[in-house]
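> 3D model of this:
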Amino acid sequence: MDEKKFVQENVKRLLLKEYIKRFADNAGFGGLEIQRTPMGTRIVLQVEKPGLIIGKKGTKIKDLTDLMTTKFKIENPQIEVKDDPNPNLNAQIMAKKLAVALETGWHFRRAAHSTIKRIMDSGAKGAQVIISGKLGGDRAKREKITAGKIKYAGKPREQVKVGFAVAKTKPGIIGVTVKILPPDAKLPDEITIIEPKEEVKDEGDKGEGPKESVQ
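Residues are numbered from 1 along each chain as shown. The predicted structure follows:
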């Protein structure tokens, strides 16, 4: 693939992701995976409420599939909708929920701490909420709340899940970022100690020598 085609392909993927994100907004968009296969393009959409994406008798998912072909020129799109088993550990879903809470009038600190608690109660090793914008004053400011461990460098950073959403409030636009270190994240400072198994001696082997059977 030449450089021009590579750039065009990545731009198309970005536009597709943004469109699907808006399309699935009310269903609790949690992530998107696009993979080319010999049969076509496989699109896996992770949401909190799959029924809102599929629609009655599959009408909405069919409309989305047709749009993938006409608008984005994707050959034979195969859309799979998955339910998120634990939305409290999905950074994108939690960012959107926090944004909605701010839009409905929650105080930003209360909303942020509530979000952090739900994430940590679900087993996360770390959680962080960053809120930026007009937070109750004339000047914009940035508030950051962290619990547990959040890594900023190296391989552990790659395990941190990040979600972003925008809250439209009366004072102005507020940006919301949620970072989650999931329960199964492997950290270099964690050491697992395996206890040695105790050897079970044969009851008959107590140094008494062989026994004879007397009849």
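> tell me the contacts of the closest residue in space to residue 23 that isn't next to it in sequence?
The spatial neighbour of residue 23 that comes closest, neighbours along the chain excluded (Cβ to Cβ, 6 or more residues apart in numbering), is residue 64 at 6.5 Å. Placement of C-beta: from N, CA and C, glycine included. For residue 64, the contact set (Cβ atoms under 8 Å, 6 or more residues apart in numbering) comprises 20, 23, 53, 79.
> Next step: the residues you listed restricted to strands.
Under the assignment DSSP state E, these contribute residue 79 to strands.
> Which two among the contacts of residue 64 are spaced furthest apart?
Using Cβ to Cβ, the pair of the contacts of residue 64 lying farthest apart is 23 and 79, separated by 10.8 Å.
> Low-confidence regions, this protein specifically.
1-2, 188-215 (pLDDT under 70).
> could you redo the last one with a cut-off of 50?
Along the chain, segments meeting pLDDT under 50 span 209-215.
> Helices of that one, start to end?
Remark: helices assigned in the chain by DSSP state H are 3-23, 50-54, 59-70, 91-103, 108-121, 154-158.
> surely residue 77 meets residue 67?
No. Residue 77 lies out of contact with residue 67 (Cβ atoms under 8 Å); the separation is 9.1 Å.
> ok, now which ones touch the residue nearest to residue 78 when sequence neighbours are not counted?
Distances taken as Cβ to Cβ, 6+ apart place residue 42 nearest to residue 78, at 5.1 Å, with adjacent residues excluded. Residue 42 makes contacts with 33, 34, 35, 36, 78, 80, as judged by Cβ under 8 Å, 6+ apart.
> May I have the beta-bridge partners of the second one?
By that I understand residue 34. For residue 34, the beta-bridge partners under DSSP bridges are residue 43.
> burial measure for it, as a count.
16 (other Cβ atoms under 10 Å).
> mind listing what it touches?
13, 16, 17, 41, 42, 43, 44.
> more crowded one of residue 77 and residue 67?
Neighbours were tallied for residue 77 and for residue 67 using other Cβ under 10 Å; the higher tally belongs to residue 77 (18 against 15).
> Would you enumerate the residues in contact with the more buried one?
Residue 77 neighbours (Cβ under 8 Å, 6+ apart): 40, 41, 43, 65, 68, 69.
> burial of the third one, as a residue count?
Other residues within reach of residue 43, judged by other Cβ under 10 Å, total 21.
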